[in-house]
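Engineer: kindly generate the corresponding structure for this input.
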Amino acid sequence: MHKTLSTLGIISIAVALSTGLVHDSDAKTRLKLSSTPPGTSPYLYLSAFADVVNRHSPDIEIQVNATGVATKHYVDATRGTVDLFYAFPLQHQWMIKGQGPYKKVKSGPEIAKKASALLALKSSVYQVLVRADSGIMTMMDIKGRKAFLGPPAGGATFIATSIVEGATGFKQGKDFSVLRLGWGAGVDAFRDRQIDVLVNPSPLPAAILQQIAITTKIRFLGIPKSKMNTPRIKKLFGSPGRTIETIQPGVYGKNQVNDEPVVTVGAWGGIGIRSSVSNDVAYKITKAFWSNISEVHKKAVGFKDAIKLENAFTEMASPLHPGAARYYKEIGMTVPGSMPSK
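Structural biologist: Okay, here's the model as predicted:
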């Protein structure tokens with residue numbers, strides 16, 4: 001009899017662990033959050049989210065694991081091993097349509113129902129940076145130069161490549177060379193003059209680029225108006241979660257030499273949640289986050305523009321979790337249903 005009870009107890013603990021909801025003796029609910037590594041934009045947002053929720057929800061603890069890629073974290077959530085993750089609209093579309101990294105997944109529409117959303121945010125603005133003394137005045141001057149467009153693989157690298165190639169008609173490896181490094185190493189390479197062009201997806205302004213602008217005169221390059229209707233650029237902006245953004249003169253201070261706004265790409269994402277997380281827990285963490293948003297805005301330059309309550313549903317593809325919807329209705333917001341993809 002005792003052996004049976006012990007076995008049942010072990011099974012119960014295993015189930016709790018597999019679902020990500022673990023209750024200790026003081027009834028604290030622990031949630032597993034998966035983020036991309038430190039130094040990436042999603043990490044900045046998700047770690048800020050976890051920190052604020054943990055400080056203002058004494059009965060909830062979010063544990064952050066900052067490794068891996070967002071496309072896998074989404075799958076982990078649908079399998080029940082992760083509770084919170086960085087979400088971007090293409091994940092949902094890819095899963096439903098069997099595209100991208102999920103092209104071999106069966107029953108995609110059913111699997112997609114297992115992942116929901118808490119909120120949307122402007123995850124990054126793609127900033128194409130050159131030194132003012134480089135002689136590079138426009139995108140067309142990139143020809144023959146060396147650029148950093150991101151690590152060897154990843155969605156952000158794909159967008160960065162589409163911006164440069166779509167705005168110029170050039171091809172990497174043929175018309176310009178590319179240095180493949182991690183995001184942080186790419187910034188260091190720009191500082192050390194190993195590359196001429198740096199593409200950095202970050203909140204605007206980005207603290208890491210502000211540091212460069214303290215000692216270096218810089219210029220931002222934009223997508224020319226004449227290229228906005230080309231197939232490559234139209235496809236880029238036609239994908240879910242991408243918007244037209246501008247970098248204004250002076251946003252980086254006196255060492256930014258632009259005298260006119262430049263057009264670039266904004267990428268939207270958000271905080272996703274496993275659909276089977278209870279409505280009560282989803283409500284509590286959503287409320288804790290938005291009720292203390294002023295603390296979030298103090299954490300990093302650019303957060304105030306990136307995270308706004310009025311943009312909580314912008315470019316959201318996954319359906320809103322009912323617990324989060326309860327909070328938004330409570331404060332008088334009109335809540336969307338299942339969000340359509342483009």
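Engineer: show me where pLDDT drops low in the stretch 151-300 of the chain?
Structural biologist: 153 (pLDDT under 70).
Engineer: ranges for the helices of it?
Structural biologist: 155-168, 183-191, 207-215, 231-238, 279-291, 293-297 (DSSP state H, counting those that start in this stretch).
Engineer: and the gap between Gly182 and Pro224?
Structural biologist: 30 Å (C-beta to C-beta, to the nearest Å). C-beta coordinates here come from the backbone N, C-alpha and C atoms, glycine included.
Engineer: no wait, Arg193
Structural biologist: Per C-beta to C-beta, Arg193 is found 26 Å from Pro224.
Engineer: can you redo the helices of the stretch 151-300 of the chain as CSV with distance to Ala27 and mean neighbour count?
Structural biologist: Shown next, in CSV, are the helices of the stretch 151-300 of the chain (distance: least, C-beta to C-beta, whole Å; neighbours: other C-beta atoms under 10 Å):
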stretch, distance to Ala27, mean neighbour count
helix 155-168, 39, 21
helix 183-191, 40, 18
helix 207-215, 38, 15
helix 231-238, 48, 14
helix 279-291, 12, 20
helix 293-297, 25, 15
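Engineer: nearest to Ala50, of those?
Structural biologist: Judged by C-beta to C-beta, the one of these that comes nearest to Ala50 is helix 279-291, at 9.3 Å.
Engineer: outside of that closest one itself, list whatever touches it.
Structural biologist: 21, 29, 31, 49, 52-53, 56-57, 59-60, 62, 116, 118-119, 273, 296, 309, 312, 321-324, 326-328, 331 (C-beta atoms under 8 Å, 6 or more residues apart in numbering).
Engineer: is it possible to mark the buried ones in the residues you listed?
Structural biologist: In terms of neighbour count (16 or more other C-beta atoms under 10 Å), the buried residues within the contacts of helix 279-291 are 21, 29, 31, 49, 52-53, 56-57, 60, 62, 116, 118-119, 273, 296, 312, 321, 323-324, 326-328.
Engineer: from those, which ones fall inside strands?
Structural biologist: Thr29, Leu31, Ile60, Ile62, Ser116, Leu118, Leu119, Ile273 (DSSP state E).
Engineer: could I get the phi/psi values of Gln99?
Structural biologist: Phi and psi for Gln99, reported as degrees, to the nearest 10, are phi -120, psi 170.
Engineer: leaving out chain neighbours, which residue sits closest to it?
Structural biologist: Among residues not flanking Gln99 along the chain, Gln93 sits closest, at 7.0 Å (C-beta to C-beta, 6 or more residues apart in numbering).
Engineer: from the chain's centroid, how far away is whichever strand or helix holds the one you found?
Structural biologist: Element membership of Gln93, judged by DSSP states H and E, is helix 89-97. Counting by C-alpha atoms, centre = their mean, to the nearest Å, helix 89-97 is centred 15 Å from the centre of its parent chain.
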